[in-house]
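In: can't give you the sequence, but here's the structure:
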């Protein structure tokens with residue numbers, strides 16, 4: 001437990017997101033000098049005309065996905081305009097010139113994320129992940145009338161583990177679904193009746209939760225799957241398998257891209273597959289990389305590239321990998337598509353020679369043997385990321401990506417070929433106009449993020465120095481040596497320990513209408529900022545991080561806050577472990593009891609580890625999982641978490657939302673449960689993440705999960721109360 005406080009890693013924070021659509025078509029000229037298939041340069045080419053907003057609202061509309069069939073363009077995205085994350089859908093029947101009304105397809109409390117879309121004939125199919133719930137779920141729905149209406153949603157995954165990264169493909173009457181299960185790896189099912197029923201789920205690639213990020217493509221009777229595995233090789237492998245009988249059986253997986261050891265510093269992840277139906281060629285791109293040692297100390301830089309392989313025998317074997325990006329800097333998020341005339345398109349995000357990341361596209365007109373110079377599609381002053389690509393039957397190329405040039409996060413989509421033929425009216429924002437204002441009160445809550453200032457002080461070269469010196473002593477009572485270390489002044493500058501800046505920015509982006517404040521342990525101790533003169537809560541939600549040390553008064557005030565009807569969210573494990581007293585005049589804390597010691601101001605003696613163990617179990621629902629050095633692994637591990645400091649469930653009344661299936665990697669493991677859960681206490685609720693979530697900095701999947709909890713409990717639940 002002697003640790004340094006870790007800061008949250010910043011991710012993308014924006015104030016508003018708008019989905020923009022237009023349509024884009026490219027002409028191609030293969031350069032005589034390019035015969036190796038490696039892209040050498042890029043050229044800027046962008047048309048600003050015919051940009052249409054699909055999501056003119058005050059919420060966040062993000063990460064759209066698309067598919068095209070004939071003249072129909074189907075777009076789905078995640079949107080939180082109604083105080084939750086839902087899957088929204090719009091369609092165009094004229095190649096993206098005009099779009100019909102918005103449909104809220106998921107309409108569920110909490111968070112629906114990672115939508116994917118496919119189409120065949122008159123049918124459109126949607127699949128997505130939803131949390132919170134019993135270990136998450138994968139939902140499916142279909143439209144049999146070209147996207148005009150959708151069936152009732154169905155849970156396909158049956159909650160066998162934390163399910164995510166769903167993918168979908170369709171051909172004729174067959175619908176193929178694949179997703180990642182954090183306990184079992186890559187799961188697959190198919191329907192042979194247009195999605196009316198699905199066959200039993202199959203495990204592809206072995207029973208390993210280390211298999212993830214699956215991709216799928218189909219061509220006639222061939223079904224192609226790829227995924228990333230990081231089990232045996234530290235930096236990952238790209239695996240590929242195929243079925244030649246419509247997904248009835250699959251061949252043994254083969255490796256396409258291999259990440260190597262730490263010294264070599266190579267990695268491979270995020271594969272994408274495409275196939276053309278005339279030649280049955282199979283094309284795979286992925287994000288590869290290398291770690292480069294810098295001259296400035298022991299700092300390493302990560303350089304990523306877009307790597308590509310082609311198979312000309314239906315995926316039985318593959319050519320040698322080539323580097324499509326070949327730039328300095330980062331090239332990430334590759335996507336691939338193939339047109340009816342066998343042109344292969346690859347798009348990705350690159351920040352090599354621009355101030356901000358840009359969207360590059362390259363194409364091949366010789367069945368993927370060689371590629372043209374890359375074109376800069378975005379060419380904006382702001383950053384552009386997360387491209388998606390689809391090609392229609394008339395060879396129109398649709399590319400969509402996220403851009404923040406206006407200061408808001410927007411998604412744009414263009415077409416050169418039919419721009420002048422579009423007469424765009426784009427009706428259909430009625431959903432937002434009629435409901436967004438009506439439900440806007442959902443976001444008007446007051447949240448306090450409590451900085452663990454008492455814990456900062458305890459770690460500031462004080463308490464832990466005493467523990468280190470005195471724990472090895474043979475004395476059992478009345479320690480007087482070094483007890484001056486058991487008092488510590490609260491640092492005025494907590495920059496080096498700041499855990500809350502990034503999550504505060506994220507919450508302000510997520511809930512822009514809410515009142516979100518920083519408060520400190522001192523404020524909760526005094527109580528005047530969290531209670532009115534009459535003892536009424538002044539906040540709807542309090543969020544704690546690493547509150548390892550509290551005063552008795554702070555502890556009581558937090559318990560009172562929940563009893564009054566407040567929502568308390570615990571981000572980290574190892575909370576409420578030691579009691580301190582606080583001197584407002586000197587701004588110092590002094591250990592009272594916990595962490596194996598007690599101190600009366602004169603001498604110290606050996607004592608209990610967790611100060612309020614029984615009481616905390618009753619109203620918080622869990623206790624610190626001691627001890628720090630135990631070899632614990634998580635068999636249901638959607639965030640790739642590593643054992644650090646966790647809470648284990650000690651109250652049978654908790655409602656488990658996500659069980660991490662924690663176990664000791666020992667011959668006779670102890671039985672315990674580490675989980676994200678909720679527990680009602682009197683009029684309020686405690687929501688505990690269970691893990692030390694500061695370690696999950698930069699983990700996008702965790703942030704999506706966290707957002708879903710905020711929508712489900714901080715918004716919906718607080719309004720119901």
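Out: Structure received. Every value quoted in this text rests on a predicted model; they were computed, and no experiment measured them.

In: in this protein, what secondary structure element scores lowest on mean pLDDT?
Out: strand 42-44 (a mean of 36; mean pLDDT, DSSP states H and E).

In: can you give me the helices for this protein?
Out: Secondary structure of the chain by DSSP state H: the helices cover 430-435, 453-459, 463-470, 501-510, 521-526, 552-563, 613-619, 700-709, 718-720.

In: OK, contacts around the residue nearest to residue 283 when sequence neighbours are not counted?
Out: Counting by C-beta to C-beta, 6 or more residues apart in numbering, residue 283 lies nearest to residue 274, which is 4.9 Å off, once chain neighbours are set aside. The way it works is simple: take the backbone N, C-alpha and C, and place the C-beta from them, glycine included. Residues near residue 274 by C-beta atoms under 8 Å, 6 or more residues apart in numbering: 217, 282-283, 336-338, 344.

In: mind redoing it with 6 Å?
Out: Shown in contact with residue 274 (C-beta atoms under 6 Å, 6 or more residues apart in numbering): 217, 283, 336-338.

In: ok, now how distant is it from residue 480?
Out: Distance of residue 274 to residue 480, given as C-beta to C-beta, to the nearest Å: 73 Å.

In: for residue 503, same thing?
Out: For residue 503, the distance to residue 480 - C-beta to C-beta - is 42 Å.

In: just residue 345 next, same as before
Out: In terms of C-beta to C-beta, residue 345 sits 75 Å off from residue 480.

In: ok, those two, which is more surrounded?
Out: residue 345 (23 against 10; other C-beta atoms under 10 Å).

In: what bridges to that one?
Out: residue 337, residue 363 (DSSP bridges).

In: Just list the residues touching it, thanks.
Out: Residue 345 neighbours (C-beta under 6 Å, 6+ apart): 337, 363, 389.

In: Look up how far residue 616 lies from residue 610.
Out: 7 Å.

In: and the two? which has more neighbours close in?
Out: residue 616 (22 against 19).

In: Most neighbours among the contacts of residue 345, which one?
Out: residue 389 (25 neighbours).

In: For that residue, give the beta-bridge partners.
Out: Going by DSSP bridges, residue 389 forms beta bridges with residue 399.

In: cool, and residue 310?
Out: Beta-bridge pairing of residue 310, defined through DSSP bridges, involves residue 283.

In: That one: what's it in contact with?
Out: 283, 319, 368.

In: Next, count neighbours for the last one.
Out: Applying other C-beta under 10 Å, we find 28 residues neighbouring residue 368.

In: buried set for stretch 183-196?
Out: 183-192, 194-195 (16 or more other C-beta atoms under 10 Å).

In: no no, stretch 636-653
Out: Under 16+ other C-beta under 10 Å, the buried positions of stretch 636-653 are 636-639, 641, 643-651.

In: Can you add pLDDT and give those residues back as JSON lines?
Out: JSON lines is the format used below for these (pLDDT from 0 to 100):
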{"residue": "636", "pLDDT": "86"}
{"residue": "637", "pLDDT": "86"}
{"residue": "638", "pLDDT": "87"}
{"residue": "639", "pLDDT": "87"}
{"residue": "641", "pLDDT": "88"}
{"residue": "643", "pLDDT": "91"}
{"residue": "644", "pLDDT": "90"}
{"residue": "645", "pLDDT": "92"}
{"residue": "646", "pLDDT": "95"}
{"residue": "647", "pLDDT": "97"}
{"residue": "648", "pLDDT": "97"}
{"residue": "649", "pLDDT": "98"}
{"residue": "650", "pLDDT": "98"}
{"residue": "651", "pLDDT": "98"}
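
In: ok so, going back, how close does the residue nearest to residue 283 sit to residue 226?
Out: In terms of C-beta to C-beta, residue 274 sits 11 Å off from residue 226.

In: Next: residue 245.
Out: On the measure of C-beta to C-beta, residue 245 and residue 226 end up 19 Å apart.

In: Please say which of these two ends up with more neighbours.
Out: The neighbour comparison of residue 245 against residue 226 (other C-beta under 10 Å) goes to residue 226, with 30 against 10.

In: So in terms of bridging, what pairs with that one?
Out: Beta-bridge partners of residue 226, as defined by DSSP bridges: residue 215, residue 240.

In: Residue 164 now?
Out: Residues in beta-bridge contact with residue 164 (DSSP bridges): residue 180.

In: my guess is it contacts residue 130, does it?
Out: No: judged on C-beta atoms under 6 Å, residue 164 makes no contact with residue 130 at a distance of 9.7 Å.

In: Can you tell me the closest non-neighbouring residue to residue 580?
Out: Per C-beta to C-beta, 6+ apart, closest to residue 580 is residue 589, 4.2 Å.

In: Ends of stretch 491-506, what's the gap?
Out: This stretch, stretch 491-506, spans 25 Å end to end (C-alpha to C-alpha, to the nearest Å).

In: do the same with stretch 513-532
Out: Stretch 513-532: ends 22 Å apart by C-alpha to C-alpha.

In: Could you pull up the mean pLDDT of that stretch?
Out: Averaged across stretch 513-532, the pLDDT comes to 94.

In: Stretch 414-428 now?
Out: Rounded mean pLDDT across stretch 414-428 is 54.

In: for stretch 71-80, same thing?
Out: On average, stretch 71-80 scores 89.

In: quick one on the thing from earlier: of all the buried residues of stretch 183-196, which comes closest to residue 87?
Out: Lowest distance from residue 87 to the buried residues of stretch 183-196 (C-beta to C-beta) belongs to residue 195, with 16.2 Å.

In: Quick check: the gap between that closest one and residue 534.
Out: 57 Å.

In: Repeat that for residue 358.
Out: Taking C-beta to C-beta, one finds residue 358 at 56 Å from residue 534.

In: With residue 581 instead?
Out: On the measure of C-beta to C-beta, residue 581 and residue 534 end up 27 Å apart.

In: Does residue 643 touch residue 631 like I think?
Out: No: here residue 643 does not reach residue 631: they are 7.5 Å apart, not a contact under C-beta under 6 Å.

In: Which parts of the stretch 201-350 of the chain are strands?
Out: Ranges of strands in the stretch 201-350 of the chain, per DSSP state E, counting those that start in this stretch, are 202-204, 211-219, 222-229, 237-243, 254-258, 266-275, 282-293, 300-311, 322-323, 331-338, 344-350.

In: And the furthest pair within the buried residues of stretch 183-196?
Out: Taking C-beta to C-beta as the measure, the buried residues of stretch 183-196 have their most distant pair in 183 and 194, spaced 30.1 Å apart.

In: and this protein, what are its domains?
Out: Domains of the chain are assigned by automatic domain parsing as 25-44+110-389, 443-720.

In: Quick one, which of the ones you listed gets closest to residue 60.
Out: When the domains of the chain are compared by C-beta to C-beta, domain 443-720 sits nearest residue 60, at 7.4 Å.

In: ok, back up a step: residue 358 and residue 534: which has the busier surroundings?
Out: residue 358 (25 against 5).

In: mind putting the domains of the chain in TSV, distance to residue 90 included?
Out: Listed next are these as TSV, based on distance: least, C-beta to C-beta, whole Å:
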stretch	distance to residue 90
domain 25-44+110-389	8
domain 443-720	22
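
In: Kindly report which one of those domains carries the lowest mean pLDDT.
Out: domain 25-44+110-389 (a mean of 81).

In: Buried residues, stretch 311-324. List them.
Out: So, applying 16+ other C-beta under 10 Å, buried residues of stretch 311-324: 311-312, 314-315, 318, 321-324.

In: what two of those are the furthest from one another?
Out: Checking these with C-beta to C-beta, the most distant pair is 314 and 323, at 24.7 Å.

In: thinking again about what came up before, and the residue nearest to residue 580, what does it touch?
Out: 454, 457, 488, 580, 582.

In: Spatially nearest residue to residue 398 (excluding sequence neighbours)?
Out: Leaving aside its chain neighbours, residue 398 sits nearest to residue 390 (4.8 Å; criterion: C-beta to C-beta, 6+ apart).

In: tally of neighbours for the closest residue to residue 220 other than its chain neighbours?
Out: Once flanking residues are discounted, residue 220 sits nearest to residue 277: 6.6 Å by C-beta to C-beta, 6+ apart. If you count neighbours by other C-beta under 10 Å, residue 277 ends up with 14.
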